[in-house]
Structures are given as C-alpha cells and as structure tokens.
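S.K.: Can you look at this prediction? I've put the sequence above it.
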Amino acid sequence: MTVFPLDGRRGVRAAGEVGLATRAVWEGVLDRAVREGLAAGEPVAVAVPGENLALIRDALGDDAAAVRLLDMREAGRNPGRIIPGVLRAFADARPDARRVRIVGEPVWAGRSAAEYPACAQHEALINAAFRGRAVTVLCPYGVRTLPGRMVADAHATHPSVIPAGARTARTSTAYAPDEVVARYNEPLPPVADAPAFPFVAETLTRARHVAADEGRRLGLTGMRLEDLALATAELTTNSVVHGGGSGVLRVWPEDGRVVCEVRDGGRFTDPLAGRRPASRDQRGGRGLLMVNLIADLVRLHAREDGTTVRCWFAR
C-alpha cells in the first residue's frame, strides 16, 4: 500500500473507498493493510462494524488469530472513545519501535444525526493524536452507502485517499482537518422542558444526586445509572475547577436514552481533551476522558461564552 506521511514524520494514514461490503471488497482491504502488516511482523488491529468484522474474520482464515478484532459498533459507538479506548489503547500497549497497523471504520450508514458530528471530529483529530508515532491507519468508507457529505469529509480528514478499485493512495487535495473540527463544533440548543439545576462547589454532591434520581426515574438501572452519576460528578467538578466555579445541569429523556448536559463559562481550547489517554503519572485532567469512556455518545460545543457537554446513556 502506498501511503503519504501525515506530518512528515513517522505516521501514515489513508482513507480507503470501498463499494458494497462483500468478501471480495474486504479481501482487497486486507491485502493492503492486514496481511502486509502481518508479513512484516507488525501488530495489527481491525475495528469495524460487526457485519464487516465477520467478513474479515472469514477472509483471514487462520491469520485471524494473529489480529486484534473489535466490533466498532460496540467499542466505538461513542466516537469520542475511539482514539483513547481503541486506537491508542492498541498502539500504546506495544511500546517498542515496531510500527502498528490499524484498520478502523468509524463511519457507516447507520450512524445517527447526533453521532455523526462527533465522528467527523474524531476523524479530523486522529493524525494529531498519533503525531510522531510509528503507525499506519486505514479507514474504509462505503462510498455507495454513505451520503456525499460524509465522503467529502473523508477527503478533508485524511491526508491521502485510496479510490475504490485502486491499489495506491493519492494525496487528498481537500485535506483540511482543522476546518472539519470547527465546522462540526455545532451548537447544542437548550432543551426547553428539561429542568435546570444550577450548581457551585458546595452543591456538587447534590448535583450528582439530582442526576441519579432523574436517571432512575427515567429508567436507568445498575451500571448505566452508576455511569450517569459518575459522568455527572466528573463534568460538574470540571465546571467548578475549570469552568468559572459554577454551571447548570440538565437531565432528560430522548429516543429511549437518558441525556445529561452540563453548561458552564469555561473556554474549551484543546480539541483532543478527553480523547487523549491519561499517562500513569498524570494528575488531574481525566474527567472528560472518563465520560467519553463510559457514555454511549458525547457531544461538546465550545461556545464564545463557555462550553456545553452533552452525553447520552442507553436505557
């Protein structure tokens, strides 16, 4: 596979356009990304939706045992979890100098309108997350099933593209990841009928109880209820420490899920915050990362006068 440097240093990344998900199509992807890596003795991971994962496992045959296989519908249902919980988790577990190879399909036709902005921002941030690392990432895109704007965004978030049916990559003249991050920094308008709970440092415990009580009333139980309480604690504490000392909490039902939102006056300036794995000796800065790891979806809007974080939990 011919690829182009993502920053002139060690990493390489491309978007591969694929047609309908058939064994023949996926074997083409495998020939480029997986078997090449295995032959070179490189660790290889494949994270794609389950239906494509089955095709890959079948096509690999005995080689499947040497590949880390992940269902992206589960491991990456929250796009904000993919970099720290899937891609970097795999690469960071192999600290030697060997290059690692990853096939990752974070965008598919079934992604919801609420999920897609987080997907696009995720794709735009991968190069920054791996800058200077020895890694090859191939992101297959089903060009026959995805809307045109998603395919266009793929060209804007990948420095090189392998067109459908081609064997080599071409430089993407549309590459503009920072523009994609900014474009999908979409407003999250307040929900009119969701009760608001203003909080300060002295009422952080009360805010967590308010969220848990509302989540329980709306049908969350067990670990999902505990996850909601933990996410609320992390977000409200961030607001007090980094967001001006106060904020507003809201919890409401939406399409079978429970949504938790925290608004504050803090300025959000690091797009990789919450997507960057925490080091062992890191003190603080883990709150948004924790929320990304436990929520089913996280959306963030960096406003001129503050920040809104909204997270979803399935009932």
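M.R.: Ah, there it is. Numbering: from 1, shown residues only.
S.K.: Residue 247 and residue 200, how far apart?
M.R.: Residue 247 sits 8 Å away from residue 200, going by Cβ to Cβ, to the nearest Å. For every residue, glycine as well, the C-beta is placed using N, CA and C.
S.K.: I meant to write residue 137 there.
M.R.: Residue 137 is 43 Å from residue 200, where distance means Cβ to Cβ.
S.K.: Repeat that for residue 299.
M.R.: 25 Å.
S.K.: any residues in contact with both of residue 247 and residue 200?
M.R.: The contact sets of residue 247 and residue 200 overlap at residue 240 (Cβ atoms under 8 Å, 6 or more residues apart in numbering).
S.K.: Looking at these two, which one has more neighbours?
M.R.: residue 247 (28 against 13; other Cβ atoms under 10 Å).
S.K.: Tell me the gap between the helix or strand harbouring that one and the middle of its chain.
M.R.: Using DSSP states H and E, residue 247 sits in strand 246-254. Distance, stretch centre to chain centre, for strand 246-254: 23 Å (Cα atoms, centre = their mean, to the nearest Å).
S.K.: Which residues outside it are in contact with it?
M.R.: Strand 246-254 has contacts (Cβ under 8 Å, 6+ apart) with 190-191, 193-200, 207, 210-211, 214-215, 218-219, 228, 232, 235-236, 239-240, 258-265, 312.
S.K.: Out of these, which end up buried?
M.R.: For the contacts of strand 246-254, a neighbour count by 16 or more other Cβ atoms under 10 Å gives the buried set as 194, 197, 199, 207, 210-211, 214-215, 218, 228, 232, 235-236, 239-240, 258-264, 312.
S.K.: Which of those fall within strands?
M.R.: Of the buried ones among the contacts of strand 246-254, the ones assigned to strands by DSSP state E are 197, 199, 258-264, 312.
S.K.: Could you grab the helix/strand/coil label for residue 32?
M.R.: Secondary structure, DSSP: H, G, I helix; E, B strand; the rest coil: residue 32 is helix.
S.K.: change the start of the numbering to 412 and stick with it
M.R.: I'll keep to 412 as the first residue from here, and by that count the last item is residue 443.
S.K.: That one is in contact with residue 549, isn't it?
M.R.: Yes. Residue 443 is within contact range of residue 549, at 6.8 Å (criterion: Cβ atoms under 8 Å).
S.K.: So what's the residue count around residue 445?
M.R.: Using other Cβ under 10 Å, residue 445 has 27 other residues around it.
S.K.: Against residue 495, how distant is the closest residue to it other than its chain neighbours?
M.R.: Spatial nearest neighbour of residue 445, chain neighbours left out: residue 455 (5.4 Å); criterion: Cβ to Cβ, 6 or more residues apart in numbering. Separation of residue 455 from residue 495 (Cβ to Cβ): 20 Å.
S.K.: Between those two, which has more neighbouring residues?
M.R.: Between residue 455 and residue 495, counted using other Cβ under 10 Å, the more crowded position is residue 455 (24 against 20).
S.K.: Next one: residue 673 from residue 711, what distance?
M.R.: Residue 673 is 10 Å from residue 711, by Cβ to Cβ.
S.K.: Overlap of the contact sets of the two?
M.R.: 719-720.
S.K.: how near is residue 604 to residue 612?
M.R.: 28 Å.
S.K.: what stretches of the chain score poorly on pLDDT?
M.R.: 412-438, 508, 691-696 (pLDDT under 70).
S.K.: domains of it?
M.R.: 423-594, 607-725 (automatic domain parsing).
S.K.: In the strand holding residue 658, which of the residues would be classed as buried?
M.R.: 657-662.
S.K.: same question, stretch 444-461
M.R.: Using 16+ other Cβ under 10 Å as the test for burial, stretch 444-461 gives 444-446, 448-449, 453-460.
S.K.: what's the spacing between the residue positioned nearest the centre of the chain and residue 645?
M.R.: Central residue of the chain (Cα atoms, centre = their mean): residue 490, 2.5 Å from the mean position. To residue 645, residue 490 is 18 Å away according to Cβ to Cβ.
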